[in-house]
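In: Please work out how this folds:
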Amino acid sequence: MLTLDYDRLGVGPGDVVLDIGCGFGRHSYEAIRRGAKVVAFDLAYDEVHKTLGTFRAMADDEPLAPSAHGSSVQGNTLHLPFPDETFDRVMASEVFEHIPDDHVGLAEVFRVLKPGGTFAITVPRFGQEMVCWGLSNEYHNTPGGHVRIYRQRQLEGRLRDAGLEPQGIGFAHALHTPYWWLRCLVGPKNDRNPFVRGYKSFLEWDIMSGPPLVRRTERLLNPILGKSLVVYSRKPELVHAHV
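Out: Numbers count the residues shown, from 1 in each chain. Here you go, the predicted model:
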């Protein structure tokens, strides 16, 4: 289940890619399959450990390009442990809504990105997220939960403030929006609700099977109902020092 468009991000063989907040690596794996050199980065040890294990399994089981390589690093987005201008591409999916000081996090992205490099950030979409917050305080008011709801213009402004140039937007996961509204309505931790269980089974079937009709339907609904907003940006080739 991928949230961003790798063609728009420009991921290709030999690119050095940073996946911030990799979770269990779903976006890292696709970049590896495209021949990139990927660093999966997350605050949680379990996530980076499991992702590294999957990289090893992929190397054994899949015909990967010679340029493909995967590694994982545990750390904090506010202090990325990499030299300046290390990465061709950076991606951060559903991460920055959790970070209190997002200005610092985006400044770190700018620092480690090469001039001309691209960055894709995905966050929960404003309207859809407002409904979730309205239905349930528990949805966001938990340790490590969401600390803000981004408007598109606000997020693009944050990127510009960091020195990045927004290049376009996208939307994803329309079929997940009603699922999260339902979960918030009955309680985010109420996994026993039959409607929640039924909808979750449908989403899992869709992810595993990828039925063409369902995929086409979601693509049509994404601009209206998409759960995630994706903003693509670029670091200028000629970087002017900020005073």
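
In: who touches the residue nearest to residue 235 when sequence neighbours are not counted in this structure?
Out: Nearest non-adjacent residue to residue 235, counting by CB to CB, 6 or more residues apart in numbering: residue 113, 4.7 Å away. C-betas here are computed from N, CA, C, even on glycine. Counting by CB atoms under 8 Å, 6 or more residues apart in numbering, residue 113 makes contact with 85, 87, 90, 119, 164, 235.

In: which of these lies closest to residue 217?
Out: Distance to residue 217 across the contacts of residue 113 (CB to CB) is lowest for residue 119, with 29.7 Å.

In: and whichever strand or helix holds that closest one, which strands flank it?
Out: Here residue 119, judged by DSSP states H and E, is contained in strand 113-124. Partners of strand 113-124 in the sheet, by DSSP bridges, are strand 87-93 (parallel), strand 228-234 (antiparallel).

In: Columns pLDDT and distance to residue 178 on top of the contacts of residue 113, output as JSON lines?
Out: Shown next, in JSON lines, are those (pLDDT from 0 to 100; distance: CB to CB, whole Å):
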{"residue": "85", "pLDDT": "96", "distance to residue 178": "42"}
{"residue": "87", "pLDDT": "98", "distance to residue 178": "36"}
{"residue": "90", "pLDDT": "98", "distance to residue 178": "31"}
{"residue": "119", "pLDDT": "98", "distance to residue 178": "30"}
{"residue": "164", "pLDDT": "97", "distance to residue 178": "33"}
{"residue": "235", "pLDDT": "97", "distance to residue 178": "37"}
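
In: From the centroid of this protein, which residue is nearest?
Out: Nearest to the mean C-alpha position of the chain, by CA atoms, centre = their mean, lies residue 93 at 1.1 Å.

In: where's that one relative to residue 164, distance?
Out: 16 Å (CB to CB, to the nearest Å).

In: For the chain, which residues score under the pLDDT cut-off?
Out: Across the chain, residues meeting the criterion (pLDDT under 70) sit at 239-243.

In: in it, which spans are helices?
Out: Remark: helices assigned in the chain by DSSP state H are 6-9, 26-33, 45-61, 102-112, 126-135, 152-161, 176-186, 194-209, 212-225.

In: Return the most buried member of those helices.
Out: helix 26-33 (a mean of 22; mean count of other CB atoms under 10 Å).
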